[in-house]
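# Structure for the following, please:
(one chain, ligands or ions: 1)
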Amino acid sequence: MSPLALDRPSTGRTETETRNAIHNEGILLSRRPAGTGTGRRMTRDGQHLLGEGYSGNYPLLQVLFLAAEYLSVRGDAFMLTILTFAGGLIAGSFLNTCIYRLPRGESILVPPSYCPQCRHRLHPLDLIPLVGFLLLKGKCRYCRQPISRRYPLVELLMGLLTVALYYHREPGTLLSALVATGVVIVAACTDMEHGIIPDGLVLPTLFAGVVYSFFSPLTSPGSSIAGIFLGGGSLLVIAFLSGGGMGGGDIKLMAALGAWLGCRLLLMVLFFSFLLGGIGGIWLLLLKIKERRDSVAFAPYIAVADFLTLLGEKFICNYSWLFC
Ligand SMILES: [Zn+2]
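Numbers count the residues shown, from 1 in each chain. Got it, this is the predicted structure:
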């Protein structure tokens, strides 16, 4: 039975029967819109379902969501994990495009993927995340120049984080968590490679975050706006006090995260960024990798702080009165 066959009567299982099957397997049957918080459907072994509240008609996403729903009903946790990992790898591949093109002011949609060395359009096999790199043994099919290891690493990181977030977060808050994760990965890479965080990344993310806050279960429009001012404002104060020690890109990145995560989660991200940035800075000085006047990319610290917050929120809340 194909994943697509789930909702078709011709398979012998009507939607009502499918719902009954879900119910019998101990899954809450609520069809509330994504993210009302209480609409999470769980199987007995704790697997939660993708696709809750999904109402789009984008064919590829529909196939992915239906496949996830089918696997959940079957209780096939292994295949569901593989599917989530594959979705994360595809997202990671898109992040790589952003990392390469945004600092150069290029469009992320056109032209189709090409080799940065010889600019030859890539073969469809080379586009398969992770697998393409392994098949090519890390070299371009056409010019044989080495492909940056950043490509498979970003894909693998996003794949693993997608699986971790899928199992750690409420389904309704998953989109916000994935956007916040994707944007910090791109920002960390462009900051380390070029010393900039492109406006083409952070400004659209910030505005999209404000719009999404009207529908998001994680934030309200008020919390989103407060997050922007808290995130951007606190780094702006540090930039002012340190005489330019904090870049404009970092300020806008933190504001964009505030728009997607809201005030409370942003407070955790700020706390961990300063903690990790402080430890990292002292470490770099002690090992004499950096001098006191050298500028240090701060976005990687924001990225790790973001991962810690999104994955460890419940754990942190159990041990800290400050955030909860
Ligand atoms: Zn090439």
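# Report all helices and strands that the lengthiest helix in the chain contacts.
Looking across the chain with DSSP state H, the single longest helix is helix 248-286. Where contact means 3 or more CB pairs under 8 Å, 6 or more residues apart in numbering; DSSP states H and E, helix 248-286 is packed against helix 174-194, helix 199-212, helix 221-241, helix 299-319. The C-beta positions use only the backbone N, C-alpha and C, and glycine is treated the same way.
# tell me the contacts of R141?
120, 122-123, 126 (CB atoms under 8 Å, 6 or more residues apart in numbering).
# Would you confirm that it belongs to a strand?
No: applying DSSP: H, G, I helix; E, B strand; the rest coil, one finds R141 to be coil, outside a strand.
# Show me which positions of the strand or helix carrying F94 end up buried.
Under the criterion of DSSP states H and E, F94 resides in helix 77-101. Buried residues in helix 77-101, counted by 16 or more other CB atoms under 10 Å: 80, 83-101.
# Run through who's touching it.
By CB under 8 Å, 6+ apart, helix 77-101 touches 45, 47, 50, 64, 67-68, 71-72, 106-108, 113, 116, 127, 129-130, 150-151, 154-163, 166, 178, 182, 185-186, 189-190, 193, 201.
# same deal with stretch 197-211?
For stretch 197-211, contacts defined as CB under 8 Å, 6+ apart pick out 98, 102-103, 105, 179, 183, 186-187, 190-191, 221, 224-225, 228, 247, 249-250, 252-253, 255-256, 258-260, 299.
# Buried among the residues you listed? Need that as a selection in PyMOL.
To isolate the buried ones among the contacts of stretch 197-211 in PyMOL, judged by 16+ other CB under 10 Å, type:
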select buried, resi 98+102+103+179+183+186+187+190+191+224+225+228+247+249+250+252+253+255+256+258+259+260+299
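# hang on, the earlier thing: of the helices and strands packed on helix 248-286, which stretch is the most buried?
Comparing the helices and strands packed on helix 248-286 by mean neighbour count (mean count of other CB atoms under 10 Å), helix 174-194 ranks first with a mean of 23.
# when you compare where it runs with where helix 248-286 runs, what's the angle?
With axes from the mean of the first three to the mean of the last three CA atoms, to 10 degrees as the basis, helix 174-194 and helix 248-286 are set at 60 degrees to each other.
# chain center to helix 174-194: distance?
7 Å (CA atoms, centre = their mean, to the nearest Å).
# Same question for stretch 180-197.
Put simply, stretch 180-197 sits 12 Å off its chain's centre (CA atoms, centre = their mean).
# Got phi/psi on P146?
Backbone geometry at P146, expressed as degrees, to the nearest 10, gives phi -60, psi 140.
# Offset the numbering so it begins at 572, please.
Okay, using 572 as the starting number, the last item reads as P717.
# In contact with it: list those residues for me.
Taking CB under 8 Å, 6+ apart as the definition, contacts of P717 comprise 709-711.
# what do you get for G851?
Contact partners of G851, counting by CB under 8 Å, 6+ apart, are 867, 872.
# low pLDDT regions in this structure?
572-633, 815, 892-895 (pLDDT under 70).
# Would you map out the domains in it?
Domain assignment of the chain by automatic domain parsing yields the ranges 595-646, 765-895.
# Which one, of those, ends up nearest to E741?
Ranking the domains of the chain by their distance to E741 (criterion: CB to CB) puts domain 595-646 first, at 5.7 Å.
# still on that earlier bit, tabulate the domains of the chain in a markdown table, adding columns for distance to Q716.
Output for the domains of the chain, formatted as a markdown table (distance: least, CB to CB, whole Å):
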| stretch | distance to Q716 |
| --- | --- |
| domain 595-646 | 31 |
| domain 765-895 | 20 |
